[in-house]
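Participant: sequence and predicted structure, then a few things I'm wondering about:
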Amino acid sequence: MKIDLHIHTSFSDGAFPPEKIVDTAIDVGLNAIAITDHDNVLAYPIAVNYAKKIAKENASAPLEIIPGVEINTIYKNTEIHILGYFMNRDDSDFAAMLKQQQAARIKQTNEIITLLSKKEGIHVQFEKIKSLVAPGGSIGRPHIAKAITLAGGTSSVMEAYNKYINDDSPVYVQRKTISPHDAIEIIYDAGGIPVFAHPFDVEDAENLIKEFMHYGLRGVEAYHRKHSPAMVEYYSSIAEKCGLIITGGSDFHAPNPNNGQIIMGKNFIPEWIYDSLMKEKKQLDLAR
């Protein structure tokens with residue numbers, strides 16, 4: 001069984017709409033995927049309905065799509081991402097968190113737009129940025145960087161990142177977002193499985209993992225395209241010591257820009273990871 005538990009669509013900073021994600025997942029031989037867009041879950045029902053349609057047309061079993069999300073949080077000026085799986089998308093606190101996250105993204109974007117105009121003479125329209133993400137989706141750094149480039153402020157998206165979309169830039173504003181503790185609690189209370197995403201990106205991840213366990217953290221994303229085999233072993237051992245499940249995924253956003261290669265599903269994710277995720281869901285459901 002081939003799985004990928006970390007995939008983004010055009011409803012956040014992914015290049016493909018949900019339908020193309022489903023087609024691509026089937027093409028590369030995946031059996032189950034999780035769509036984990038930043039701060040929204042809008043792509044999930046679209047992907048599920050499309051997967052059922054394709055399966056009916058081909059008289060085959062539909063691609064399994066696990067409900068997921070990736071919540072961008074800030075703790076002590078450090079960005080920490082929390083993945084969630086199987087949460088009730090209609091839970092009031094969970095829905096309120098997503099609404100709060102979207103409002104913070106819009107506020108941040110408008111503040112950056114104002115500073116770009118005042119300090120750099122680069123005039124970017126909010127509606128232009130909004131048009132670069134699927135309707136209702138999560139505006140983020142890639143969309144702002146692309147809009148700056150389209151407005152003639154830079155010659156490339158990478159240049160926009162280097163000059164304007166980073167914490168050291170005088171026009172960049174840090175998003176006022178939820179804490180990881182609150183995100184974990186809300187996902188857990190909504191019936192979900194909260195997971196520490198790509199710990200390699202976070203300093204002192206081991207101690208934070210132990211701290212977050214007190215708020216309901218249930219897993220660690222040990223398998224990730226940024227993680228070497230040694231890192232996979234290291235983060236897996238932390239999870240095992242703490243009694244947490246191990247998850248993993250490609251963190252797919254777009255084909256490799258250098259050679260057009262699709263990297264979805266290219267990370268080797270052992271089948272037992274799917275089994276442990278399902279076992280964890282059953283145990284949490286019984287406990288509730």
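Facilitator: Yes, it's here.
Participant: tell me the helices in the stretch 101-250 of the chain, going along the chain?
Facilitator: 126-130, 141-150, 157-163, 180-189, 205-212, 229-242 (DSSP state H, counting those that start in this stretch).
Participant: Pro170 touches Lys118, doesn't it?
Facilitator: No. Pro170 is beyond contact range of Lys118, at 10.1 Å (criterion: C-beta atoms under 8 Å). Heads up, the C-betas are built off the backbone N, CA and C, glycines and all.
Participant: neighbours of Glu206, just the number please.
Facilitator: By the criterion of other C-beta atoms under 10 Å, Glu206 has 16 neighbours.
Participant: secondary structure class for the residue nearest the centre of the chain?
Facilitator: Centroid check for the chain by C-alpha atoms, centre = their mean gives Glu70 as the closest residue, at 3.7 Å. At Glu70 the chain is in strand, as set by DSSP: H, G, I helix; E, B strand; the rest coil.
Participant: got it, and the one 10 residues further on?
Facilitator: Under the three-state scheme (three-state DSSP), Ile80 adopts strand.
Participant: count the neighbours of it for me.
Facilitator: 25.
Participant: for it, give me its contacts.
Facilitator: Counting by C-beta atoms under 8 Å, 6 or more residues apart in numbering, Ile80 touches 73-74, 180, 196-197, 202, 208.
Participant: most widely separated two among those?
Facilitator: Ile74 and Phe196 (14.8 Å; C-beta to C-beta).
Participant: looking at these two, which is more packed in?
Facilitator: Comparing Ile74 with Phe196 by other C-beta under 10 Å, the one with more neighbours is Phe196, at 28 against 16.
Participant: for the more buried one, which non-adjacent residue is closest in space?
Facilitator: Val220 (5.0 Å; C-beta to C-beta, 6 or more residues apart in numbering).
Participant: check Leu115 too.
Facilitator: Leu115 sits nearest to Val171 (C-beta to C-beta, 6+ apart), 3.9 Å away.
Participant: just Pro62 next, same as before
Facilitator: Once flanking residues are discounted, Pro62 sits nearest to Ala55: 3.7 Å by C-beta to C-beta, 6+ apart.
Participant: just the element for that neighbour, please.
Facilitator: Per DSSP states H and E: Ala55 is located in helix 43-58.
Participant: what pLDDT, on average, does that helix get?
Facilitator: Averaged over helix 43-58, pLDDT sits at 96.
Participant: by contact count, what packs against that helix?
Facilitator: Identification of packing neighbours for helix 43-58 by 3 or more C-beta pairs under 8 Å, 6 or more residues apart in numbering; DSSP states H and E yields helix 18-27, strand 32-35, strand 64-75.
Participant: please list the outside residues in contact with that helix.
Facilitator: Residues outside helix 43-58 that contact it (C-beta under 8 Å, 6+ apart): 9-11, 17-19, 21-23, 26, 35, 37, 61-63, 65, 67-68, 89, 134.
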